[in-house]
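Enquirer: prediction below, plus the sequence it came from.
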Amino acid sequence: MIGSPHAGIHVVISAFRPEPELLAGIRELEGHVASVIVVDDGSGSSADAVLGAIEAAGATVVRLPENAGIGAALNAGIEHARSLGAGHVLTLDQDSRLPAASVAELLAALERATARGHAPAFAVPEMFASVSQVASRHEDGTLFTRHSIQSGMLVPMSTFDRVGTLRADLFIDLVDTEFELRCTTAGLVGVAARGVRLPHSLGAAYERPAWLRIVTFGLGPKDVTLSTPFRYYYRVRNRIVVNREFRRTQRAWIARDTLVEVLHFIVAATLARPRRALWRLYRAAIADARARRMGRAADPVLEGASTIRWATPRVRRLDDAAVAEG
């Protein structure tokens, strides 16, 4: 059974076709949190064995009937935690392994920030893999964040009460960004727990082509991080949607992020094979954003994405290597 000295903290893990390794991560949290809630995002019967083992280990499993996206999955878990009287929710991805002792450090970061007169929306590890989540340091020592990743995010229920839960219709990509922007607009701040690190896989690094190194005068990383092709539909569509929502209240933030992402989209388009398939994906994303068609991408869009490959050698999987995009 999972019991905890932190009786008000409930962990919510989103899962899609989870691997058996998820069980080990859940067992590590035993004794440190009140409960672990695993929300299966429409995996179907193929996940029965793993989910059964998770339930046998004392965690709660909530099964969604169809693949609804990470926002919907986490929201289902948050609402279940609310029904159990949760004071805080700690959200994790299925491939994240947060050291159990870090739970107390995240809670302490929230409490210190509040005691110092700040209004924290959430606390996250200082390091996500090898990437710092710290944007600035207050003179009192509080670490403020920007571009926080939802995996490893400890959120008081009062934050959800104030700004709402995650935006489910984004499906995937920018779900945490939109939530953080909403918190910031409401006058809340994200804080980081000093010294806490969440090991995580960042994806795959690909060799930066020679022409790209030349036009950037040799600046920037030697590798480029490319998402799985279908993710570019969501990245483009959701960027337009998020920009539309926050372009007036968070102008500088939106302008900087948009520039970085547009440059990355151009790089991805030059490396895609066939290129026209990725351009079609972009056009579909733009059209759906304009028409406010949200949720899961249409099957023809996903089928087109499945034909795309990257015309550059993959260097390695990025587990704890920080590689900038673009």
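Expert: Good, I have the coordinates. Numbers count the residues shown, from 1 in each chain.

Enquirer: report the contact partners of Leu143.
Expert: Ala109, Glu126, Val134, Ser136, Arg137, Val191, Ala192, Ala193, Arg194 (C-beta atoms under 8 Å, 6 or more residues apart in numbering). In this view, the C-beta of every residue, glycine as well, is placed from N, C-alpha and C.

Enquirer: 10 Å - rerun?
Expert: Residues in contact with Leu143 (C-beta atoms under 10 Å, 6 or more residues apart in numbering) are 109, 113, 123-124, 126, 132-137, 190-194.

Enquirer: any idea what it is bridged to?
Expert: Arg137 (DSSP bridges).

Enquirer: ok, Leu198 next?
Expert: The partner residues for Leu198, given DSSP bridges, come to Phe128.

Enquirer: quick one, grab the pLDDT at it.
Expert: Residue-level confidence at Leu198 comes out at 94, pLDDT.

Enquirer: where along the stretch 51-200 of the chain do the strands fall?
Expert: Counting by DSSP state E, counting those that start in this stretch, residue ranges of the strands within the stretch 51-200 of the chain are 60-64, 88-93, 120-128, 131-132, 134-137, 143-145, 153-156, 189-198.

Enquirer: least confident secondary structure element in this structure?
Expert: Counting by mean pLDDT, DSSP states H and E, the chain has its least confident helix or strand at strand 314-318, which shows a mean of 60.

Enquirer: Leu64: neighbouring residues, count only.
Expert: 17 (other C-beta atoms under 10 Å).

Enquirer: what's the answer for Thr60, then?
Expert: 18.

Enquirer: what's the residue lying closest to it once chain neighbours are set aside in contact with, if anything?
Expert: The shortest distance from Thr60 to any non-neighbouring residue, by C-beta to C-beta, 6 or more residues apart in numbering, is to Ile37 (4.7 Å). Contact analysis of Ile37 by C-beta under 10 Å, 6+ apart lists 10-14, 59-62, 74, 76-81, 84, 86, 89.

Enquirer: looks to me like Ile37 is in a helix.
Expert: No. The assignment for Ile37, made by DSSP: H, G, I helix; E, B strand; the rest coil, is strand rather than a helix.
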